[in-house]
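**Q** need a 3D model of the sequence below.
(chains A and B)
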Amino acid sequence: MTERRPFAITLDVGSSLANLTGTWRTERPVYVHRLPPCSAACPAGEDIQGWLYHAEEGDYESAWRAIMERNPLPAIMGRACFHPCESACNRVQVDEAVGVNAVERFLGDLGLERGWRIEPGPDTGRRVAVVGSGPGGLSAAYHLRRRGHAVVVFEAQADLGGMMRYGIPAYRLPRDVVDAEVARLAEMGVRFEVNHWVDDVNALLAQGFDAVVVAVGAQRGRDPGIPAGDAARILDAVGVLRSLEEGDPPSLGRRVIVYGGGDTAMDAARTATRLGATETVVVYRRTRDVMPAHDEEVLDAEAEGVQMRWLSTISRSDEGRAVIEIMTLDDEGRAVGTGQFEEMEADTVVLALGQEADLSLLDSAAQVHVSDGVVHCDEHQRTGDPRIIVVGDASANGADSRTLTRAIGQGRLGADAIDALFEGREAQVDSPRAPASFDRLNTWYYSDAERTVRPRLEVARRRDTFSEVVGGLSVDDALFEARRCMSCGNCFECDNCFGVCPDNAVIKLGAGEGYAFNYDYCKGCGICVAECPCGAIDLVPEPR
Amino acid sequence: MSTERTPVRFYQVGSFAVGNRLVELERRSAQSDPTRANSLTSGHRACAGCGEALGARYALDAAMRASDHQLVAVNATGCLEVFSTPYPETSWRLPWLHSLFGNAAAVATGVAAGLRATGRGHVRVVAQGGDGGTADIGLGPLSGMFERNDDVLYICYDNEAYMNTGVQRSGTTPGAARTATTEAVGEHPGNRFGQGKDLPRLAMAHEIPYVATATVADLFDLESKVERAMEISGSRYLHILVPCPLGWGSVSSDTIRLARLAHQTGLFPVFEARDGDVSAVTPIRHPEPVESYLRLQKRFAHLFTREGEVADRATVARIQAQASRNITRYGLLGRDDD
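**A** Numbering: from 1, shown residues only, chains lettered A, B, ... in the order given. All right, here's what the predicted structure looks like:
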């Protein structure tokens, strides 16, 4: 041995790397991907945390493309969606919900501005007819085109968009936005036939379509048959909104009663105000807390001067007046009449008591089961005839919450069911994921940051215009808002696990690649689990 | 005040987490760098969840970065020395020297002088030890090093008792804490109040250029203090609170949480001092009562019932009074607090 050793050392200096401390472990950390509450609540099935992750880096195109995996209409939904994601957001328990809807709108608008496109799939030779160009129909058409099927959308009205055009007032959803998002679908090769009323679904199949998506929506206002004098003026809300869109606004007079408590009632009341009514009263038979309209809509209506009259029903309408019965709630919370009546002045009564679908086109389809005015479907929106798919308001699935977002989600499911039928495979189901609950988060690590509020049109300027009420976010604000996301249940590469391990047992795999555990040295202390801000690490018993 | 902790823009986790993919590389911590020095590498025999192993890597990696890897470490006897160097293995990835329990400061002085004498004065020297080797056994050499203003950064990893030899009381063990030598028995169970040593203030009394405290719960704060210390010549002292799952009777995954609570309750003031005067404090972000800190540790279990109710109100109140005194003395609640 010629090698010189330091004084008094008889063995070579070895590294402690020879000592595999992983053998001490009784529990091991594992990375997990949990389902954030926003995504769990999204009727369209968007991976919200996933697309916000891209937006956080300022990679807006990737964020937009991630939205487009599920929802083909982000600029529309960024305005018209009632954002159940925000109600579910874990950040509510820290300060305020992340403004998901505002960021979606920002990305949707940016997509239109930059002209981002989605390519259709390679041609399959299959043809699918879509009846109705509302959100459900457009969603189905989009997802079918992505799979390469030829799609023809039949629309009974002169313009495309269904309820997005004929139901939602322009101050909530400007028509140029609808036009632009529909145009992008046309560029993907979706063919549109307007002014084309489909009266028999079997006739379409006989014409050579391999499948039909029925997305006719619920277009007919429900009429409770209020006793009325000859000169009483009673209109239905859907009709009012539609004729306004057709350029023929009805004359409502100065005093308008809107009967009903849903979002359509709020739309009708806010529209009446814009059409010159000086006194608009919403009459609803129950109370504010059980009113189906979304809070944001009610607050906006109130801000615009719409009055609310709770616990009231209209029992009779005559020229210039309506008779109101005062209600009370019984022990089970139902509204019951008190026998006390009052008179209200009203030039017009607008009924907004819900809508029904016209399903006559399904009369010839023997295997399609219709009851209570809606079509019975399985979880993939299939009817008894697998070639006939029903989505949106005409479907019985989730009929208690008829929203654009739900229709978009069902459109995607229906498109997948049709593709599965063509391919001879099973329809896809999102694999179940454990929830990313708030108690798993370590919120210490998130910077304090309150929600960015979108600018709103001044109330004074809303009364005589159908200009859009809610504005968009600036680039800086959108980036800020995206970064408020806590990334619940999914790693966002904060390096905490990599840093806090006393044993260097976490390997950093590089940007976008995440981390891995080095189980040779991990002692299973669990610090990484406790200090992971977003709860993306589980501690599980060591396998024997 | 740590003004550099307030980013101009908003980066999701700001500087609270170890890294942040949203900020430029040069603004990220040393620990977030996949090529970090790893001065104390894997395979060491520290307990699972050891705060001292973590604190030592945090501090030395930052010192390695600041000195461009021109660094020598001198170690006092203690856990850190024992678990890192069972002969013939070592976990250290920098030149490292151990002599006796009490003489780390003196040896470091000699190493610095030797390097200077041999023309290698650019190599920086760190001395490190636990609270026993610093507050008790090595206090004389440390005080001498301060007095001579030798060019050494001394880092004390404070886990508040002699953990290596079986959890005996040291000069930094807090009042009421149970150790092997201060059993939770008798009229006043646990360690006595009113005794022990406040090391950072002892160091400040020597009017050395730089004294600072830190915890393993605030990495950016710790790293910035190491960097500042490395910019200065002369004697510097850094006191890092490192929770010990074994000696404190805490769950191994609670190590960082406990360090954070020690700061947020006010029990462990985090500050820096220049030439004997406090120059900056790291304010409390989310104030917590001392109970939330004490409850997590079996060494304080005698203050609570099995159901978790406070059993010894007087003692808990006394500990809370200590925290309040720190908050007042250092202004830990920020500018509004007097």
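
**Q** number of residues surrounding residue 272?
**A** Since you didn't name a chain, this refers to chain A. Residue A:272 has 28 neighbours, counted by other CB atoms under 10 Å in any protein chain shown. The C-beta positions use only the backbone N, C-alpha and C, and glycine is treated the same way.

**Q** chain B was what I was after
**A** 23.

**Q** which stretches of the stretch 351-500 of chain A have low pLDDT?
**A** Applying pLDDT under 70 to the stretch 351-500 of chain A flags the ranges A:464.

**Q** tell me where it has strands.
**A** Secondary structure of the stretch 351-500 of chain A by DSSP state E, counting those that start in this stretch: the strands cover A:355-356, A:370-371, A:374-375, A:388-390.

**Q** what packs against the second one?
**A** Of the remaining helices and strands, none touches strand A:370-371 by 3 or more CB pairs under 8 Å, 6 or more residues apart in numbering or on different chains; DSSP states H and E.

**Q** can you give the strand pairings for it, parallel or anti for each?
**A** Within its sheet, strand A:370-371 is paired with strand A:374-375 (antiparallel), according to DSSP bridges.

**Q** what do you get for the first one?
**A** Here the strand partners of strand A:355-356, with direction, are listed using DSSP bridges: strand A:220-221 (antiparallel).

**Q** export the strands of the stretch 351-500 of chain A to JSON lines and tack on mean neighbour count?
**A** Output for the strands of the stretch 351-500 of chain A, formatted as JSON lines (neighbours: other CB atoms under 10 Å in any protein chain shown):
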{"stretch": "strand A:355-356", "mean neighbour count": "19"}
{"stretch": "strand A:370-371", "mean neighbour count": "12"}
{"stretch": "strand A:374-375", "mean neighbour count": "24"}
{"stretch": "strand A:388-390", "mean neighbour count": "29"}
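
**Q** mind putting the ones you listed in a markdown table, distance to residue B:243 included?
**A** Converted to a markdown table, the strands of the stretch 351-500 of chain A look like this (distance: least, CB to CB, whole Å):
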| stretch | distance to residue B:243 |
| --- | --- |
| strand A:355-356 | 62 |
| strand A:370-371 | 64 |
| strand A:374-375 | 60 |
| strand A:388-390 | 60 |
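
**Q** residues from the stretch 51-200 of chain A in reach of chain B?
**A** Residues of the stretch 51-200 of chain A lying close to chain B (CB under 8 Å from any CB of the partner chain) are A:56-57.

**Q** what are the ranges of the helices in the stretch 51-200 of chain A?
**A** A:60-68, A:74-80, A:84-88, A:100-114, A:135-146, A:163-166, A:175-187 (DSSP state H, counting those that start in this stretch).

**Q** name the nearest residue to the residue nearest the centre of chain A, sequence neighbours excluded.
**A** When CA atoms, centre = their mean is applied to chain A, the residue found nearest the centroid is residue A:405 (3.6 Å). Distances taken as CB to CB, 6 or more residues apart in numbering or on different chains place residue A:43 nearest to residue A:405, at 4.3 Å, with adjacent residues excluded.

**Q** which ones are touching the one you found?
**A** Shown in contact with residue A:43 (CB atoms under 8 Å, 6 or more residues apart in numbering or on different chains): A:84, A:398, A:401, A:403, A:405-406, A:408-409.

**Q** out of these, who's the most crowded?
**A** With neighbours defined as other CB under 10 Å, the most crowded of the contacts of residue A:43 is residue A:408; it has 31 neighbours.

**Q** got a list of what that residue touches?
**A** Residue A:408 makes contacts with A:43-44, A:70-73, A:77, A:135-136, A:139, as judged by CB under 8 Å, 6+ apart.

**Q** roughly how far does residue A:67 sit from chain B?
**A** Distance from residue A:67 to chain B, counting by CB to the nearest CB, to the nearest Å: 20 Å.

**Q** swap that for residue A:300, please
**A** Residue A:300 is 28 Å from chain B, by CB to the nearest CB.

**Q** next, give phi and psi for residue B:64.
**A** phi -60, psi -40 (degrees, to the nearest 10).

**Q** residues near it, how many?
**A** 24.

**Q** thought it was touching residue B:39?
**A** Yes: the pair residue B:64 / residue B:39 is scored as a contact, 5.9 Å apart, by CB atoms under 8 Å.

**Q** just give the closest residue to residue B:106, not the sequence neighbours.
**A** In space, residue B:106 is closest to residue B:141, 4.1 Å off (CB to CB, 6+ apart).

**Q** need the pLDDT of residue 283.
**A** With no chain named, the answer covers chain A. At residue A:283, the model reports a pLDDT of 95.

**Q** look at chain B instead
**A** 95.

**Q** doesn't residue B:332 make contact with it?
**A** Yes: counting by CB under 8 Å, residue B:283 does reach residue B:332; the two are 5.9 Å apart.

**Q** looking at the two, which is more packed in?
**A** For residue B:283 versus residue B:332, the count of surrounding residues by other CB under 10 Å is larger for residue B:332: 24 against 21.

**Q** got a list of what the more buried one touches?
**A** Contacts here follow CB under 8 Å, 6+ apart; on that basis residue B:332 touches B:266, B:269-270, B:281, B:283-284, B:326.

**Q** residues near residue 233, how many?
**A** By default, I'm working from chain A. With other CB under 10 Å as criterion, residue A:233 counts 19.

**Q** should've been chain B
**A** Using other CB under 10 Å, residue B:233 has 11 neighbouring residues.

**Q** mind checking pLDDT for it?
**A** 96.

**Q** if we can go back for a sec, SS state for the residue nearest to residue A:405?
**A** coil (DSSP: H, G, I helix; E, B strand; the rest coil).

**Q** picking up where we left off before, the residue nearest to the centre of chain A and residue A:76 touch, don't they?
**A** No: counting by CB under 8 Å, residue A:405 does not reach residue A:76; the two are 10.3 Å apart.

**Q** mutual contacts of the two, please.
**A** What both residue A:405 and residue A:76 touch, as defined by CB under 8 Å, 6+ apart, is the set residue A:135.

**Q** what's the spacing between residue B:304 and residue B:295?
**A** 6 Å (CB to CB, to the nearest Å).

**Q** check contacts around the residue nearest to the centre of chain A.
**A** Residue A:405 touches A:42-44, A:77, A:81-82, A:84, A:135, counting by CB under 8 Å, 6+ apart.

**Q** residue in the stretch 101-250 of chain A nearest to chain B?
**A** Across the stretch 101-250 of chain A, the shortest distance to chain B (CB to the nearest CB) belongs to residue A:103, at 13.6 Å.

**Q** intersection of neighbour lists for residue B:64 and residue B:39?
**A** In contact with both residue B:64 and residue B:39: residue B:94, using CB under 8 Å, 6+ apart.

**Q** alright, I will stop here.
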